[in-house]
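Colleague: sequence unknown, structure follows:
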DNA sequence: ATACATACC
DNA sequence: CACTGGTATGTAT
């Protein structure tokens, strides 16, 4: 989480090639838009050692903590293996020389693909949930507060952060750190309403903007910047940067006005990855512009701690740290060696992002590609339970709930409150924000679709209409593979899956399959543990291998004897158009149609995550992934700016 | 195809 | 009191 800086009237800044922040000549625009300043403290004044001690004392000896220790031990072991390989690489050795050649070729090819002709902006609402609560209850404003429950927090305001309270922190630990902390239960409807207002602003700057979560959006503002430049060739880079700066300031100002004073932070850059990183650098209530030239970009990314890269989480950071790599420039310098120690994908991905290169086009969506979810799941945490009958009852409930969601909006609507289960309306969802600092980690990223109010205590997670008020159609789907997730009382997680002969969304079929898997595992556990029962703290049911009813192919249409033409070209999440469920980056389906919103979102997710993950075994970290070729047909700014 | 692990919000 | 929930994807087997 970017160190919180004070926020009032920050001069426009950009980062120069050495990673330092410089001022542009564009101070005025935001000077009068931004007013209040959260005290700069943020986490800056937190006594980290003390916080760590408290957190540790609260966790020590718990099942959770013991599980974490096992996990850490495993990771450390992997790192040992990596380190040995790393050190065994000899200068001048065959392997390393070969890798060096690969890395050189790779870099040259990547530089070829660098694009500086699109302007991306990532907007991130500041401590979103908490900000909404504070806006609506002034008495909370000067009070340390967080949104969530005693189990888990979603987000905390800055007063609370001073005590070390963070997103994704269990509420009971937060209360130890800050006894006066006020924990407010989430009011998702309010957050959604606020997000909707913000989105209306985003749409004015980019009609195809994508909301990645309630509190975060991605915008391609290239056209808005062009307009700002009024068609005049902004031969000067400074004038171009100023225009970008002003557009971002305008977005933030308008969001604040539209939402009744909520603030946001934003980053602008030639690609979404850089914009995302930049959005975190001047929060809260600030913005950061990454200059549109390769030299500055290399300096900017090079100085970043690896953890700042979307896709590098706690584990990858630790692994790379074990090799002595701390900032992005380190991996750039060690690209060859990394090719010898990491999986090819991970190595290539790291190399590419270390150069600040990422997809900058709108890709798939522009060709009318359609987003289709790959899986749908529900899971539930409960008190340790060792009775198989009780566990199976939960499985049945999850299965029927999932079945309902898979049957689309009609089924969900008809189900009404029957699915009830009001009793478990507990904490519902809470924190987010894996691990480290980062933004505000408002999680509720994507409300489960077809969610029936009340089941998990998240009332009305999805409204019946989209942002434009059109009725939302949630397509029915079936899945071929069912997976049950079991979290033991020890926090160890197991998963067992089975592929069915036919795709289904029947509650009975799903339930039966899941129960069988759970029963099997229960037996296996008893056999292996001298008859001790399998005690769980969580059960989950997931389906993948999905086929959508509105996504049938030609033969099916013919056989069904009707046209499944549901898509009107609107940006419905799941309009039908016969697109395949896979990526269709190059599929030129429906040229003139508006891209499906979700497809764009999917694109963003890919760009940011594609690279995450890694796996333990031998290869420590993430992977890489080549992006589909840059999309064409986009207006370029090259007429306005000289691109180096 | 299955299992596990990581990441993101 | 008490360490979430949902989706995606990489890697290994």
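Modeller: That came through fine. Values in this document were obtained by computation on a predicted structure and should not be read as measured data. Residues are numbered from 1 along each chain as shown, chains lettered A, B, ... in the order given.

Colleague: quick one: contacts for the closest residue in space to residue A:388 that isn't next to it in sequence?
Modeller: Excluding the flanking residues, the one nearest residue A:388 by Cβ to Cβ, 6 or more residues apart in numbering is residue A:522, at 5.3 Å. Just so you know, the C-beta spots here come from the backbone N, C-alpha and C atoms, and that holds for glycine as well. Each residue near residue A:522 by Cβ atoms under 8 Å, 6 or more residues apart in numbering is listed here: A:388, A:391, A:533-534.

Colleague: Make sure residue A:522 is indeed in a strand.
Modeller: No. Secondary structure of residue A:522 (DSSP: H, G, I helix; E, B strand; the rest coil): helix, not part of a strand.

Colleague: Could you see whether DNA strand C lies near stretch A:60-67?
Modeller: Yes. Using Cβ under 7 Å from any atom of the strand, stretch A:60-67 reaches DNA strand C at A:62, A:64-65.

Colleague: Just give me the closest of those to DNA strand C.
Modeller: DNA strand C has its nearest neighbour among these in residue A:64, at 4.2 Å by Cβ to the nearest atom of the strand.

Colleague: Tell me, how many residues neighbour residue A:104?
Modeller: 12 (other Cβ atoms under 10 Å).

Colleague: so it is in which element?
Modeller: Assessed by DSSP states H and E, residue A:104 sits inside helix A:94-113.

Colleague: Could you identify the helix or strand that succeeds the helix or strand of chain A with the lowest mean pLDDT?
Modeller: Ranked by mean pLDDT, DSSP states H and E, the weakest helix or strand in chain A is helix A:28-31, scoring a mean of 26. Scanning forward in sequence from helix A:28-31 by DSSP H and E, the next helix or strand is helix A:48-59.

Colleague: hmm, that following helix in reach of DNA strand C?
Modeller: Yes. Residues of helix A:48-59 are located near DNA strand C by Cβ under 7 Å from any atom of the strand, namely A:58-59.

Colleague: Please work out which residues outside that helix touch it.
Modeller: Here helix A:48-59 makes contact (Cβ under 8 Å, 6+ apart) with A:65, A:68, A:163-164, A:169-170, A:172-173, A:176-177.

Colleague: again with stretch A:480-487
Modeller: Stretch A:480-487 is contacted from outside by A:377, A:379, A:381, A:395, A:493-500, A:502-504, A:510, A:513-514, A:517-518, A:521, A:534, A:536-547, using Cβ under 8 Å, 6+ apart.

Colleague: Would you mind listing the residues in contact with the residue in the stretch 151-300 of chain A positioned nearest to DNA strand C?
Modeller: Nearest residue of the stretch 151-300 of chain A to DNA strand C, counting by Cβ to the nearest atom of the strand: residue A:170, 3.7 Å away. Residue A:170 makes contact with A:58, A:150-153 under the criterion Cβ under 8 Å, 6+ apart.

Colleague: Just the mean pLDDT for the longest helix seen in chain A, thanks.
Modeller: The longest helix of chain A (DSSP state H) is helix A:63-88. Averaged across helix A:63-88, the pLDDT comes to 97.

Colleague: for it, which positions count as buried?
Modeller: Across helix A:63-88, burial judged by 16 or more other Cβ atoms under 10 Å covers A:67, A:75, A:78-79, A:82-83, A:86.

Colleague: next one: stretch A:245-263
Modeller: Of the residues in stretch A:245-263, A:245-256, A:258-259, A:262-263 count as buried by neighbour count, 16+ other Cβ under 10 Å.

Colleague: same thing with stretch A:512-530?
Modeller: By 16+ other Cβ under 10 Å, the buried positions in stretch A:512-530 come out as A:513-515, A:517-518, A:521-522, A:525.

Colleague: With stretch A:282-289 instead?
Modeller: For stretch A:282-289, a neighbour-count test (16+ other Cβ under 10 Å) marks A:282-289 as buried.

Colleague: between the residues you listed, which is nearest DNA strand B?
Modeller: Distance to DNA strand B, by Cβ to the nearest atom of the strand, is smallest for residue A:283 among the buried residues of stretch A:282-289, at 12.0 Å.

Colleague: could you measure that closest one against residue A:516, distance?
Modeller: Counting by Cβ to Cβ, to the nearest Å, the gap from residue A:283 to residue A:516 is 49 Å.

Colleague: Confirm that residue A:496 sits in a strand.
Modeller: Yes. Counting by three-state DSSP, residue A:496 is part of a strand.

Colleague: what about the helices in the stretch 151-300 of chain A?
Modeller: With DSSP state H, counting those that start in this stretch, the ranges of helices along the stretch 151-300 of chain A come out as A:158-161, A:171-177, A:188-205, A:222-228, A:237-258, A:272-279, A:294-302.

Colleague: would you turn the ones you listed into a markdown table with mean pLDDT and distance to residue A:330?
Modeller: Compiled in a markdown table, those are given as follows (pLDDT from 0 to 100; distance: least, Cβ to Cβ, whole Å):
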| stretch | mean pLDDT | distance to residue A:330 |
| --- | --- | --- |
| helix A:158-161 | 96 | 29 |
| helix A:171-177 | 97 | 33 |
| helix A:188-205 | 97 | 36 |
| helix A:222-228 | 94 | 32 |
| helix A:237-258 | 97 | 28 |
| helix A:272-279 | 98 | 16 |
| helix A:294-302 | 98 | 9 |
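
Colleague: Ok, which of those helices comes nearest DNA strand B?
Modeller: Minimum separation from DNA strand B across these (Cβ to the nearest atom of the strand) falls at helix A:272-279, 6.9 Å.

Colleague: and for that closest one, what are the contacting residues?
Modeller: Contacts for helix A:272-279 (Cβ under 8 Å, 6+ apart): A:15, A:120-124, A:218, A:265-269, A:287-290, A:297, A:300-301, A:304, A:308-310, A:353, A:356, A:358-360, A:439, A:604, A:607-608.

Colleague: Residue A:129 contacts residue A:153, doesn't it?
Modeller: No. Here residue A:129 does not reach residue A:153: they are 9.5 Å apart, not a contact under Cβ atoms under 8 Å.

Colleague: Kindly state the beta-bridge partners for the residue in the stretch 101-250 of chain A that DNA strand B sits nearest to.
Modeller: Nearest residue of the stretch 101-250 of chain A to DNA strand B (Cβ to the nearest atom of the strand) works out as residue A:213 at 2.6 Å. For residue A:213, the beta-bridge partners are residue A:216 (DSSP bridges).

Colleague: what's the burial count for it?
Modeller: 20.

Colleague: Need the per-residue pLDDT for it.
Modeller: Per-residue confidence at residue A:213 stands at 94 (pLDDT).
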